[in-house]
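Asks: Here is the input, now give the coordinates:
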Amino acid sequence: GGGAVEKDEEESIKKSAFETLVLLSVWSPHESIPLLSLSYPLFPPPSVLSSAQEYLSDPRPDVDFDLGIRRDLRRSKCYTIDGGGSEIDDAVGVEVEKGEGGEIKRRIWVHIADVERWCFGAPEEIMEHAKTRGTSVYLPTGSIGMFPGGMQPALSLLAGRDTPALSMSLLMDDSGAIIEDSIDIMPSTVRVDYKLTYEEVDEMLAEGVGYREEWELGVLLQAAKLRRNYRIGRNATESLIDSPVPQGRVEVRMDRLCEQGLKVEVVCEEASYNSGTNSTAMGGNVETSDGRLLVTEMMIMAGEAMGKWCRKNGVDVPYRNQAPPRFKDRTVEWQFYRDLRENDVGNGWPASWYVRRFFEAVELGKEAKGHAGLGLDEYVQWSSPIRRFSDLQVHAKVKRHLRLKAIMESSSPLPASVTATDLGVHLSGVNDDVRGDLHDIDWNDGKKGAGEGKRVMKEISRYWTLEHLRREGSGRVYVSTVLGSIPNVNQPKIPAYAVLIEDLGFETVYKSELGELQIGSRLNLRVSE
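Replies: The predicted structure is shown next:
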């Protein structure tokens, strides 16, 4: 129809304009339109960069140290485990202690970078910069930090140096449930013993090092497996997915021998169906990573424990709530999913793809209403304050509570370093030192930027995956699995399907001019211009 013609003309004009700008060297051949559409500048202005450098060279006093609530945990062994990035938010550890009856207990520690120590009270332009972005943006070509460049090392939990953290410790029972009375949270100083990648942890566990010299890793993995089973027993998403659909991660790096000086690779890795950034559960032709499982379950556990602690102590934080799937209202679809799963159609991937339609959206609320996807009664996100502004706000809220509690229980004079922002309240009449502007926490801060960041990451990842396919050349054949049928609005007579290009972990749409296809069947799809 006319609408389709107009859309084609519009796309043609856009393409022509893009090519003209590239020809004039205004843009590069891979200029990112999604990045240019962001509502904030791509790079921090010089004033913010200079302000950050000056502040880090002379930061504000450590209020928690002055109040006597920062605990020295430098002798407590801990590890950071990640994919090798520059923003290192979290570390984990475990200590053995004896119970009252002499029984052996294993206390798990989770340490999160104490970004609040540096940033609340920092120059206003630094916090405004982070608030506007709302999140760090991770792209195939590199990352764009939520904080100005150069601050990440100071904020991160780097190995071999004394670093401020917000630490949590807890005990679990034999089922994997958190013993609520065991939860302890405090500002701390830690010294990370080892910086490890997921692959290094996998290797250490496979070779036995993680059960001998570094026995803590083996204990943490055992705890992680117990936690996973605990959540599955409470109908977490993992209980519905036997073989998660693999996901591809695209990487772009400089290489003079490649086209346009760029090498584009797609790595098929683990799929995630839990709290977000940490990938864990696996299926199909991708191996399971014990290191990823360990970190993911420890962070999910920390989120549950934070929810329990905040509820018990009356600390107002946003809970991430997700209603359970309404299977009873959709019996035909539910039975179709069960048939796919029980018959292991297409390596189990079609069932994992199909079940997504039952998942309810995650919503934030002042009260804990349960997170069905995680199989938990309460869940609060707080483990990534370097790259999520909302997590940093949770840190501030928790630390304000701890500071006020310490002040009310102490007879000592209030340190001069403490401000109203550190406490979230004015204490006029109690101590004249608590003055200054009071910056309350608005949970809507950072939401717009975070939403834009997620959209941009998705669009740019897809662009570079398609660029990888283009470079492979016309005629390259990929083995693909038919995941399920989808509506074809523009051409209703031609069946459309969601398919998985297996080697790339890339889901795309295939319109079958040959007619209907069987779900779970494998196709040889050829790349075309």
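Asks: C-alpha only now, for contacts and for neighbours.
Replies: Will do.
Asks: show me where the stretch 401-529 of the chain has strands.
Replies: Along the stretch 401-529 of the chain, counting by DSSP state E, counting those that start in this stretch, strands occupy 477-486, 496-501, 506-511, 522-526.
Asks: Mind putting those strands into a markdown table with distance to G93, mean neighbour count and mean pLDDT?
Replies: Putting these into a markdown table (distance: least, CA to CA, whole Å; neighbours: other CA atoms under 10 Å; pLDDT from 0 to 100) gives the following:
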| stretch | distance to G93 | mean neighbour count | mean pLDDT |
| --- | --- | --- | --- |
| strand 477-486 | 40 | 20 | 96 |
| strand 496-501 | 38 | 24 | 96 |
| strand 506-511 | 36 | 17 | 94 |
| strand 522-526 | 44 | 15 | 92 |
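Asks: could you dump those strands to CSV with distance to V209?
Replies: Below are the strands of the stretch 401-529 of the chain laid out as CSV (distance: least, CA to CA, whole Å):
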stretch, distance to V209
strand 477-486, 38
strand 496-501, 37
strand 506-511, 35
strand 522-526, 41
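Asks: With K263 as the reference, name the closest of the ones you listed.
Replies: strand 506-511 (18.4 Å; CA to CA).
Asks: The closest one pairs with which strands, and in what direction?
Replies: In the sheet, strand 506-511 lines up against strand 496-501 (antiparallel) (DSSP bridges).
Asks: Output the partner strand in PDB, but only the C-alpha positions, please.
Replies: Extracted in PDB, the C-alpha atoms of strand 496-501 (Å, rounded to 0.1, in the frame of the first residue of the first chain):
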ATOM      1  CA  ALA A 496       7.100 -16.100   9.400                       C
ATOM      2  CA  TYR A 497       9.300 -17.800  12.000                       C
ATOM      3  CA  ALA A 498      11.700 -16.800  14.800                       C
ATOM      4  CA  VAL A 499      14.900 -18.800  14.100                       C
ATOM      5  CA  LEU A 500      18.200 -19.200  15.900                       C
ATOM      6  CA  ILE A 501      21.400 -19.000  14.000                       C
END
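Asks: got the contact list for that strand?
Replies: 478-488, 506-512 (CA atoms under 8 Å, 6 or more residues apart in numbering).
Asks: what mean pLDDT would you report for the helix ranked longest in the chain?
Replies: Within the chain, and with DSSP state H defining each element, the longest helix by residue count is helix 447-472. Across helix 447-472, pLDDT averages out at 93.
Asks: now swap in stretch 164-171 and tell me
Replies: 98.
Asks: ditto for stretch 334-351
Replies: 96.
Asks: out of the strands of the stretch 401-529 of the chain, which comes closest to D90?
Replies: Taking the strands of the stretch 401-529 of the chain one by one with CA to CA, strand 506-511 is closest: 29.5 Å.
Asks: any idea of the angle the closest one forms with strand 477-486?
Replies: 70 degrees (axes from the mean of the first three to the mean of the last three CA atoms, to 10 degrees).
Asks: can you state the direction angle for strand 506-511 and helix 447-472?
Replies: 70 degrees.
Asks: Any regions of the stretch 251-400 of the chain where pLDDT drops low?
Replies: The model of the stretch 251-400 of the chain has pLDDT under 70 over residues 270-288.
Asks: in it, which spans are strands?
Replies: Going by DSSP E, counting those that start in this stretch, the stretch 251-400 of the chain shows strands at 262-269, 319-321, 363-365.
Asks: helices or strands up against the longest one?
Replies: Put plainly, it is strand 262-269. strand 247-254, helix 447-472 (3 or more CA pairs under 8 Å, 6 or more residues apart in numbering; DSSP states H and E).
Asks: ok, now the last one?
Replies: Counting contacts by 3+ CA pairs under 8 Å, 6+ apart, strand 363-365 packs against strand 319-321.
Asks: Within the sheet, what are the partner strands of the strand it packs on, with directions?
Replies: Counting by DSSP bridges, strand 319-321 is paired with strand 363-365 (antiparallel).
Asks: now the strand it pairs with, how far from the chain's geometric center?
Replies: For strand 363-365, the distance from its own C-alpha centre to the chain's C-alpha centre is 17 Å (CA atoms, centre = their mean, to the nearest Å).
Asks: For L35, grab phi and psi.
Replies: When read as degrees, to the nearest 10, the backbone of L35 gives phi -70, psi -40.
Asks: which ones are touching it?
Replies: 42, 456.
Asks: Same check on E467?
Replies: So E467 contacts V264 (CA under 8 Å, 6+ apart).
Asks: quick one: it and N488, what's the gap?
Replies: Using CA to CA, to the nearest Å, E467 is found at 25 Å from N488.
Asks: what do you get for A224?
Replies: From A224 to N488 the distance is 43 Å (CA to CA).
Asks: okay, these two: which has more neighbours?
Replies: Using other CA atoms under 10 Å, the more surrounded residue of A224 and N488 is A224, with 25 against 14.
Asks: Just the CA trace of the host helix or strand of the more buried one, in CSV.
Replies: Element membership for A224 (DSSP states H and E) is helix 215-232. Output of helix 215-232 as CSV, limited to C-alpha atoms (Å, rounded to 0.1, in the frame of the first residue of the first chain):
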residue,chain,number,x,y,z
TRP,A,215,39.0,-24.1,48.9
GLU,A,216,36.9,-21.0,49.3
LEU,A,217,35.9,-21.2,45.6
GLY,A,218,34.7,-24.8,46.0
VAL,A,219,32.6,-23.8,49.0
LEU,A,220,31.1,-20.9,47.2
LEU,A,221,30.3,-23.0,44.2
GLN,A,222,28.6,-25.6,46.5
ALA,A,223,26.6,-22.7,48.0
ALA,A,224,25.7,-21.4,44.6
LYS,A,225,24.4,-24.8,43.5
LEU,A,226,22.4,-25.1,46.7
ARG,A,227,20.9,-21.7,46.1
ARG,A,228,20.0,-22.5,42.5
ASN,A,229,18.2,-25.6,43.6
TYR,A,230,16.5,-23.7,46.3
ARG,A,231,15.2,-21.1,43.8
ILE,A,232,14.1,-23.8,41.3
